[in-house]
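1. sharing a model prediction with you, sequence too.
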Amino acid sequence: MPATDSTEVVERVLRWYDEHARDLPWRRPGAGAWGVMVSEFMLQQTPVARVLEPWRVWLERWPTPTALAAAPAGDAVRAWGRLGYPRRALRLHRAAEAITEQHGGVVPDDLAALLALPGVGSYTAAAIASFAYGRRHVVLDTNVRRVLARVAAGMAAPPVAATVAESRLAEEFLPAEPARAARWAVASMELGALICTARSPACERCPVEDVCAWRRAGRPAAEGPRRRQAYEGTDRQCRGALLAVLRSSDVSVARDELDAVWPDPVQRERSLTSLVLDGLVVGDDLVGYALPG
DNA sequence: AACACGTGGTC
DNA sequence: TGACCAAGTGT
């Protein structure tokens, strides 16, 4: 058992959530499992504020997995807009095809079937099963990892890579009753997103401040600085520049038009090749380049 | 295990 | 002002 009284923490966080939950569109009853799934794809590494509008447009245009599967993959990539990581759009499209062909057009409700879908990893599978279907699963995203690290372990931040200890801890907090477990999953995420934030946590408004191990220890700083990945001048930035050209064009784009947006020819070639390899771009120097039909 | 993979907002 | 951060996945 953790030193922290998990039952008490869960109880208080659920009560806090009752009062402070954001009214996000994918949390409304009408959103459906597909609405939840689309939101989870869009929210991978992307802030809520930037997802709201693309999500609304997406669901209006493709209300079901089957509707999306019937559209060209390029339409999905274009509709993804500037959310970032456009491979997610491609994976979502491929997942919609798989759901259409293998699951009768219905988003699966069990972990194994969800995990088999492209772009669905352990977090997203648990999130869909929990949020859309009320199943009991540990939903361990960056918010929950941070909340548990602080409340129970007294650390400012969770380990860089997820550990079995974290999963075990999360399991101890998970209520036995499925509906309550699902509620805890979304509530603990919300606490991490609104109160127990990475930068400047609002402990004074936290429902579990007085039992938080990190708060009690005087909010000690994190261990070492985490080195982050560079972006400026990388292939990622180059790919983004190339794809931006193709996103904004309805017709095939000539090679020299792509050459104009990135100075280094070697990196440009490498990036374009990787985009084609990913399936985000189709074409060649002869016919030009475009998003996949 | 470590790295690739976009983009934009914040302090 | 640039470094950090945002509901991860795939290799």
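-> Arrived safely. Numbers count the residues shown, from 1 in each chain, chains lettered A, B, ... in the order given.
2. how near is the nearest residue to residue A:251 once chain neighbours are set aside to residue A:280?
-> If the residues on either side of it in the chain are set aside, residue A:251 comes closest to residue A:290, at 7.3 Å by C-beta to C-beta, 6 or more residues apart in numbering. C-beta here means a position set from N, CA and C on the backbone, and glycine is covered the same way. Plainly put, residue A:290 is 11 Å away from residue A:280 if you go by C-beta to C-beta, to the nearest Å.
3. do residue A:55 as well
-> 21 Å.
4. make sure residue A:46 is indeed in a helix.
-> No - under DSSP: H, G, I helix; E, B strand; the rest coil, residue A:46 sits outside any helix and is assigned coil.
5. neighbours of it, just the number please.
-> The local packing count at residue A:46 equals 15, with neighbours defined by other C-beta atoms under 10 Å.
6. do the same with residue A:114
-> A count of neighbours around residue A:114, defined by other C-beta under 10 Å, yields 25.
7. can you check the one 5 residues further on too?
-> For residue A:119, the count of nearby residues is 19 (other C-beta under 10 Å).
8. quick check: chain neighbours aside, which residue is closest to it?
-> For residue A:119, the nearest residue in space outside its immediate sequence neighbours is residue A:91; the separation is 2.9 Å by C-beta to C-beta, 6+ apart.
9. what's the burial count for the one you found?
-> Every residue meeting other C-beta under 10 Å relative to residue A:91 is counted, giving 19.
10. I figured it hits residue A:118, correct?
-> Yes - counting by C-beta atoms under 8 Å, residue A:118 is a contact partner of residue A:91 at 4.3 Å.
11. find the residues that touch each one of those two.
-> With contacts taken as C-beta atoms under 8 Å, 6 or more residues apart in numbering, not a single residue reaches both residue A:91 and residue A:118.
12. just to revisit the earlier point, the residue nearest to residue A:251 pairs with what?
-> residue A:282 (DSSP bridges).
13. surely it meets residue A:246?
-> Yes - judged on C-beta under 8 Å, residue A:290 makes contact with residue A:246 at a distance of 6.1 Å.
14. with neighbour numbers in mind, choose between the two.
-> The neighbour comparison of residue A:290 against residue A:246 (other C-beta under 10 Å) goes to residue A:246, with 24 against 16.
15. list the contacts of residue A:196.
-> When contacts are taken as C-beta under 8 Å, 6+ apart, residue A:196 is in contact with A:143, A:146, A:147, A:150, A:151, A:206.
16. any idea how far residue A:86 is from residue A:228?
-> Residue A:228 is 21 Å from residue A:86, where distance means C-beta to C-beta.
17. look at those two and report which has more neighbours.
-> More neighbours sit around residue A:86 than around the other of residue A:228 and residue A:86, counting by other C-beta under 10 Å; the figures are 23 against 6.
18. state the pLDDT value of the more buried one.
-> The score at residue A:86 is 98. That number is its pLDDT.
19. relative to residue A:78, how far out is it?
-> Separation of residue A:86 from residue A:78 (C-beta to C-beta) stands at 9 Å.
20. now whichever residue of the stretch 1-150 of chain A sits closest to DNA strand B, nearest residue through space, not along the chain?
-> In the stretch 1-150 of chain A, the residue that lies nearest DNA strand B is residue A:84 (2.0 Å; C-beta to the nearest atom of the strand). Ranked by C-beta to C-beta, 6+ apart and with sequence neighbours excluded, the top spatial neighbour of residue A:84 is residue A:46, at 5.9 Å.
21. so who does the most centrally placed residue in chain A touch?
-> In chain A, the centroid-proximal residue (C-alpha atoms, centre = their mean) is residue A:44; its distance is 1.8 Å. Residue A:44 sits next to A:85, A:88, A:124 when contact means C-beta under 8 Å, 6+ apart.
22. for DNA strand C, tell me which of those residues show up nearby.
-> With C-beta under 7 Å from any atom of the strand as the criterion, the contacts of residue A:44 include A:85, A:124 near DNA strand C.
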